[in-house]
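*Asks:* sequence plus the predicted model coming up.
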Amino acid sequence: MFKKTASYFFILSGLIILWLSTSRAAMKYITDKRDNDEWYGTYQCMHGDLTSMCYLDIVRRFNPPVVMAPLKKPAIPGPRNISLYLHGDSYMYCSRTRRLNDSVFAGVGNYYFIDRNHGMNYHLDSSKKNILLIEVSERYLRAYFSGLQILDEVCDSVVRKKTIALCNNDFNNQIIYSSIIPGFHVNDLFNKYINQNLQCNLFNYNFIMPLFESKAALNYYVFNRASGDVVISADKNFLFLKETVSLTDGGSSYVQIKSDDVIRLVNNFNVIYDHYRQNGFSEVYLSIIPNSATIMQPKGYNNLIPQIQNDQNLKMKIIDVYDSFRKSTVLLYQPGDTHWNNYGKQLWLDLVNEKLLMETSH
Amino acid sequence: MTFISLQFLVFFMVVTLWFFRLKNQNGRIWLLLIASCYFYMSFIPEYILILGGTIIVDYFAGIQIERSEVGNRKFWLVLSIIANIGALAVFKYYNFFIDNIHSGFLFFGKPLQLPLLKMALPIGLSFHTFQALSYTIEVYRRKQSAERNFVVYALYVMFYPQLVAGPIERPQNVLPQLKEFRPYEWENVKEGLARMLWGFFKKAVIADRLAMVVERTFGHTSEASSAALFIGAVFYSFQIYCDFSGYSDIALGAAKVMNISLMENFKQPYLSGSLSEFWTRWHVSLSSWFRDYLYIPLGGNRKGEWRRRLNILIVFLLSGLWHGANWTFIIWGLLHGLFVMILVGNTSPLAGRNSVIIRFFRIIMNFLLVTFLWIFFRAENLQNAWIYIKSIFALRGGANFITLSPAEFIFSILIVAVMLLRERYLPGHIISKNNRFWTYLVSMLIICYYFGVFVENQFIYFQF
C-alpha cells in the first residue's frame, strides 16, 4: 500500500513539476513570488551576474568593492531639441531593475528606451530632431543583425502593417501560440528552456546554495576553473561568459570571422539605416559594446568590431566605444560580471553626448 | 532531451513508475509509445513526421512481404528499402552530394548553383532507419513474422532508450519482450539503475571533462605543440568511448529497469589486439548489422580471398558514410577498411605468441592506430585532419593547450584508468545486497555531482 501510494505521489509530482517548468505563465508566477524571499527565494548574488552563475561569491578577487562613481550629468546640457530613441540591452541598466534615464544625455528633450526583447511602435515628433541610437553588445551582434528583425520590432505605429509586409525575415514566421487552457500553450510542451526552469523549480533555492557553492569551491580551488557557462581569464583576475570566449560560438571574441559574415552584417546595417532614414529619423547611430574578453584579454581577438566599424561601405554613423575602451587605462568592466562598471558606462555616455551635442547644433 | 538532463530524470521517473502501475501490457505499450514520441519531439517536434512516415511504410511492407508470393515479396522489400534509404539520402546526404557537384563544376571553371536543403538532420535518423530495415529484411528472410499490432511495431522503432543512438536492435530480440507482460523485478531495477549511474559517470565525469582539452586542440591545431596535439588525440579516443558507451549504458540500464534487455554495444574495445578484434567490440550493433545485411549478402568470405578483402573494404567504406555526410567520415571508414583488409589473414612475426607482454604490446599498438584514425573522425575537414597529423609528427613546440590545471590533468588520467580497470575486472552491474546497492547509488550520485562537468554537451553519436 505504501509503495503504491508513494509511486502515485511521485508520478503526480513529476507531471506537475514538468508542467510548471514548461508553462511560461506558471514560471513567471513562481519566479515573481520567489524573487525576494530569503529562504526559498531564487539565488541572486550581488557581486555580478557571472559570480552568481558560477557560485563563486566567496572569491574576493571577483568581488571587489562596487565602483561607486555616480553617472555625471552632461557638462553642456544643450538646447534639448532631440528625441532620442535608444534601442539597447542590459548594458543600459543602472541596476537589475533601473534603466538609464534622460538626465544623463545632452540635448535630449524626449527619451525613449526600446528594449531589444520587446520592440516598440514609435510615433515621431516632427518638432524635434529624431535620433535612433542602436546599442548592441558584441556577443549579440552576429545573432541579432544577421537578420533584419529590428525592422519589425521597431516600427512606426502608423505604417506598421505596411512595414511588416515589406520585411522578409523569420520574425514574421514565428508561430502564433494558441492557448488551450489559460496560461498553457501548445508549444510550451517543447519549451527549450525546460532544463533551466526545472533547475529553478527543483534546486535554485537560497537554502540549497551551500551545495552549489561547495562544488564551485572544489572546482576553483582544486581544478582552478569556474563551473558551468563561466570561465576564468588567463590572468586569473576576471570571469568571462563562456560563449564570449569559446572557439565555436557566434558571440565569441575569438571565433573565426569570415569576410562574408562582415559583408552581410554591413549590408544589413545599411538596409536598417536606409529604412529608418526614409521613415523620418534624422540620423541613425550604431554603438557596439565590446565583450569584456575583447578588452581585458585581447590576444587572439577576431577584430569583429573594427572590421565592421572601418568598413568603407557602412552608412550608419558609429560611436566608437572599442577604440576608447582599448586605450583606457582605467578598469572599465566588473571582474565578476558580463557588464561594464560605471567608469565604462560614463566613458560611453561621454562619447554619446559628444555626438548628440553635434546634432543639436546642426 | 539528452540523457544528462533534469528533464530526462523527471521524465524517466514518471514513465517508469507509471509503467509498473499498469496491469496490462496493452496499456504499457501505449504509455511507452506516447512517452517515446514526447522524447523524440523534445528535440525538434516536426521531425516526428519523417519518422512516422517510414514507420507506416515499413509496417505495411512487413505484412505484405509475409502475405505475398515470391516476386511481390521482393517488391515490398525494395519499397521499404527505398523509403528508409530515401529518407537518409534526402535528409542526410543530399546537401553533401550537391556541395560536391558544386565543387566539381567550380574546379572546371563552370560555377553551378543547385538548391540546398535548409534543415537540420533529424536526430538519430541513421539509427532508426537501420533498425527499421533490419525488421523488413528479417521478415523477408522468414526469420521474423510480420508484426500485426501497429503500436507494437511503432514502439519497436521508437522505444525511447535506444531511439536516437542505438543499440540498433533486431526484431527477434525486442518484439517478443515488448509483447510479454513482465512483472516488476527489484533485481532488474537495481541492475538498471546501477548501469545508468555508470553511464552518467562516463559521460559527465570523464567524456565532458576530456572534451575541454579536445575542443581546444582540434580548434586551434596550428598553434598547439605536438605533445598537446598527441594528448588531445588520445583524450578524444577516451572521450568518444565514454560518451558513446556511456550513452549505451544509460540506454541499456533504462530498458533493464523496465525488464527489457537490449543488446550489448561495447566490449572493452580498447583492449583489442587488432583492428579486426576492435570491430567485434566497438559499436557491436552496427558492425553486426553490416555483417548480417551487407557483408554476408555480398558473399562474405565464401568467394575467395580477394573478394573477401573487397567486401571488407566496401563494408567499412559504407560504415564511414553511415556516420556522416563528410569526407572525413568516408576517409576514416576507408582507412579502417584498408588496414583490416591488409592485416586480415596476414601472419605477423608475433602471431601465435600470446605472452602477456606481447598481448600488451599489441593492445598499445592497436590503440595508437585507432587513435590516429579517430583524428579523421573528429576533424572538421580533411585539411584540418592532415594538419593535425603532420603537426604531431613535426615534434614542434607551441602553445600548451591542455587547458586543464595540473591537478585536473592528473585527475583525468586517473579516472580513465579507474574506468578501464573497473570495466575489465568488474564488468557487470548486478549488486545483489540492498545495502551495497544503496551505498553504491549514493556514492555515485555524490561523485557525479561533485566531479561532473555539466555543460549540456550533446552525445557525439546523436548527430548520426
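*Replies:* Thanks, I have the structure now. Numbers count the residues shown, from 1 in each chain, chains lettered A, B, ... in the order given.
*Asks:* residue at max distance from the center of chain A?
*Replies:* Of all residues in chain A, residue A:1 has its C-alpha farthest from the mean position, at 52.6 Å, by CA atoms, centre = their mean.
*Asks:* now do chain B
*Replies:* residue B:109 (40.4 Å).
*Asks:* double-check that that residue belongs to a strand.
*Replies:* No - counting by DSSP: H, G, I helix; E, B strand; the rest coil, residue B:109 is not part of a strand but coil.
*Asks:* distance-wise, check it relative to chain A.
*Replies:* To chain A, residue B:109 is 22 Å away according to CB to the nearest CB, to the nearest Å. Backbone N, C-alpha and C define where each C-beta goes, glycine included.
*Asks:* ditto for residue B:181
*Replies:* Distance of residue B:181 to chain A, given as CB to the nearest CB: 18 Å.
*Asks:* chain neighbours aside, what residue packs nearest to that residue?
*Replies:* The shortest distance from residue B:181 to any non-neighbouring residue, by CB to CB, 6 or more residues apart in numbering or on different chains, is to residue B:25 (4.2 Å).
*Asks:* quick one: end-to-end distance for stretch B:131-149.
*Replies:* End-to-end distance of stretch B:131-149 (CA to CA, to the nearest Å): 17 Å.
*Asks:* residues in contact with it?
*Replies:* Residues outside stretch B:131-149 that contact it (CB atoms under 8 Å, 6 or more residues apart in numbering or on different chains) are B:29, B:54-55, B:58-59, B:61-63, B:65-67, B:73-74, B:76-77, B:80-81, B:84-85, B:153, B:156-157, B:162, B:166, B:168-172, B:175, B:179, B:289, B:292-293.
*Asks:* didn't residue A:295 look like it was pressed against residue A:331?
*Replies:* No - using CB atoms under 8 Å, residue A:295 is not in contact with residue A:331; the gap is 9.9 Å.
*Asks:* count of neighbours near residue A:236?
*Replies:* As a burial measure, residue A:236 scores 9 neighbours (other CB atoms under 10 Å in any protein chain shown).
*Asks:* would it count as being in a helix?
*Replies:* No - read with three-state DSSP, residue A:236 is coil and lies in no helix.
*Asks:* residues touching the nearest residue to it once chain neighbours are set aside, list them.
*Replies:* Nearest non-adjacent residue to residue A:236, counting by CB to CB, 6+ apart: residue A:61, 7.5 Å away. Residue A:61 makes contact with A:236, A:237, A:335, according to CB under 8 Å, 6+ apart.
*Asks:* again, but for residue A:300
*Replies:* A:253, A:254.
*Asks:* with the one 5 residues further on instead?
*Replies:* By CB under 8 Å, 6+ apart, the contact list for residue A:305 reads A:138, A:288, A:290, A:294, A:322.
*Asks:* do the same with residue B:336
*Replies:* The contact partners of residue B:336, by CB under 8 Å, 6+ apart, come to B:275, B:279, B:316, B:319, B:320, B:373.
*Asks:* cool, and residue A:351?
*Replies:* Each residue near residue A:351 by CB under 8 Å, 6+ apart is listed here: A:287, A:319, A:320, A:321, A:324.
*Asks:* what pLDDT does the fourth one get?
*Replies:* The per-residue pLDDT reported for residue A:321 equals 92.
*Asks:* pull the number of nearby residues for it.
*Replies:* For residue A:321, the neighbour count with other CB under 10 Å is 25.
*Asks:* residue A:86: what secondary structure?
*Replies:* The three-state label for residue A:86, taken from three-state DSSP, comes out as strand.
*Asks:* so it bridges to which residues?
*Replies:* residue A:113, residue A:133 (DSSP bridges).
*Asks:* quick check: the gap between it and chain B.
*Replies:* Distance, residue A:86 to chain B, by CB to the nearest CB: 34 Å.
*Asks:* follow-up on the earlier one: what pLDDT does the residue farthest from the centre of chain B get?
*Replies:* For residue B:109, the predicted pLDDT is 79.
*Asks:* one step back: the more surrounded of residue A:295 and residue A:331?
*Replies:* Neighbours per residue (other CB under 10 Å) separate residue A:295 from residue A:331, with residue A:295 holding more: 22 against 17.
*Asks:* ok, for the more buried one, nearest residue in space, not its chain neighbours?
*Replies:* Sequence neighbours aside, residue A:325 is the residue nearest to residue A:295 in space, at 5.0 Å (criterion: CB to CB, 6+ apart).
*Asks:* count of neighbours near the one you found?
*Replies:* 22.
*Asks:* ditto for the one 4 residues further on
*Replies:* Burial measure for residue A:329: 5 neighbouring residues, criterion other CB under 10 Å.
*Asks:* got it, and residue A:3?
*Replies:* The number of residues packed near residue A:3 is 9, by other CB under 10 Å.
*Asks:* same deal with residue A:280?
*Replies:* Per other CB under 10 Å, the neighbour tally for residue A:280 reads 14.
*Asks:* pretty sure it is in a helix, no?
*Replies:* No - counting by three-state DSSP, one finds residue A:280 to be coil, located in no helix.
*Asks:* how near is it to chain B?
*Replies:* From residue A:280 to chain B the distance is 36 Å (CB to the nearest CB).
*Asks:* with residue A:26 instead?
*Replies:* Distance of residue A:26 to chain B, given as CB to the nearest CB: 15 Å.
*Asks:* what residues of the strand or helix carrying that residue count as buried?
*Replies:* Using DSSP states H and E, residue A:26 sits within helix A:24-34. Judged by neighbour count using 16 or more other CB atoms under 10 Å in any protein chain shown, the buried positions of helix A:24-34 are A:24, A:26, A:27, A:30, A:34.
*Asks:* quick one: classify the residue nearest to residue B:452 when sequence neighbours are not counted as helix, strand or coil.
*Replies:* Distance criterion CB to CB, 6+ apart; nearest residue to residue B:452, sequence neighbours excluded, is residue B:204 at 3.5 Å. Judged by three-state DSSP, the three-state class of residue B:204 is helix.
*Asks:* from what I see, residue B:204 and residue B:445 are in contact.
*Replies:* No - in this structure, residue B:204 is not within contact of residue B:445 by CB under 8 Å, at 11.3 Å.
*Asks:* which residues touch the one helix or strand in chain B whose mean pLDDT sits lowest?
*Replies:* Ranking every helix and strand in chain B by mean pLDDT, DSSP states H and E puts helix B:94-107 at the bottom, with a mean of 83. With CB under 8 Å, 6+ apart as the contact definition, helix B:94-107 has outside contacts at B:111, B:112, B:113, B:114, B:115, B:116, B:117, B:325, B:326.
*Asks:* now stretch B:372-385
*Replies:* Contacts to stretch B:372-385, defined as CB under 8 Å, 6+ apart, come from residues B:214, B:218, B:221, B:233, B:236-237, B:240, B:323, B:326-329, B:331-332, B:335-336, B:339, B:388-389.
*Asks:* what residues are up against residue B:427?
*Replies:* So residue B:427 contacts residue B:268 (CB under 8 Å, 6+ apart).
*Asks:* and if we set it to 10 Å?
*Replies:* By CB atoms under 10 Å, 6 or more residues apart in numbering or on different chains, residue B:427 lies in contact with B:264, B:267, B:268.
*Asks:* report the contact partners of residue B:14.
*Replies:* Neighbour list for residue B:14: A:10, A:11, A:12, A:13, A:14, A:15, A:17, A:18, B:31, B:35 [criterion: CB under 10 Å, 6+ apart].
*Asks:* below-threshold pLDDT in the chain: ranges please.
*Replies:* Using chain A. Across chain A, residues meeting the criterion (pLDDT under 70) sit at A:35-46, A:66-68, A:94-98, A:157-188, A:362.
*Asks:* sorry, should have said chain B
*Replies:* Counting by pLDDT under 70, chain B shows low-confidence ranges at B:345-354, B:399, B:401-402, B:455-464.
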